[in-house]
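Visitor: okay, here's the prediction I keep looking at, along with the sequence it came from:
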Amino acid sequence: MFEQAIEKKREKMIYFAERYGMTSQKTVHCSQELDRLLNVIWHVHTDLQPTKTLEIHTQ
């Protein structure tokens, strides 16, 4: 489910970049939407994982 949404948004972003250029508003906006989607998915995934403790070893 998430993979399809990511792939669809990524393909749309690539299309806009090829057609309008990397810095066009359409491309940038689509890239930002993809970033938001990835962030949501990352947060959902990490919230489902057990809490991990970071250990720092000093010498």
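Guide: Received the coordinates, thanks.
Visitor: now do the helices in the protein.
Guide: Here the chain has its helices, by DSSP state H, at 2-20, 25-48.
Visitor: which ones are touching residue 2?
Guide: Listed by C-beta atoms under 8 Å, 6 or more residues apart in numbering, the contact set of residue 2 reads residue 41. Yep, even glycine has a C-beta here, placed from its N, CA and C like the rest.
Visitor: where in the chain is pLDDT low?
Guide: Along the chain, segments meeting pLDDT under 70 span 49-59.
Visitor: pick out the residue nearest the middle of it.
Guide: A centroid search over the chain (C-alpha atoms, centre = their mean) returns residue 38, at 2.8 Å, as the residue closest to the centre.
Visitor: from residue 21, how far out is that one?
Guide: 23 Å (C-beta to C-beta, to the nearest Å).
Visitor: what's the answer for residue 4, then?
Guide: 27 Å.
Visitor: who's more crowded, those two?
Guide: residue 21 (11 against 8; other C-beta atoms under 10 Å).
Visitor: list the contacts of the nearest residue to that one once chain neighbours are set aside.
Guide: In space, and not counting its chain neighbours, residue 21 is closest to residue 27: 6.7 Å by C-beta to C-beta, 6 or more residues apart in numbering. For residue 27, the contact set (C-beta under 8 Å, 6+ apart) comprises 13, 16-17, 20-21.
Visitor: on that earlier part again, thought residue 6 was touching the residue nearest to the centre of the chain, still the case?
Guide: Yes: counting by C-beta atoms under 8 Å, residue 38 does reach residue 6; the two are 6.8 Å apart.
Visitor: how far away is residue 30 from residue 2?
Guide: Distance from residue 30 to residue 2, by C-beta to C-beta: 17 Å.
Visitor: okay, the contacts of residue 27 in CSV with distance to residue 45 next?
Guide: Listed next are the contacts of residue 27 as CSV, based on distance: C-beta to C-beta, whole Å:
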residue, distance to residue 45
13, 21
16, 27
17, 27
20, 32
21, 33
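Visitor: please consider this matter closed, and thank you.
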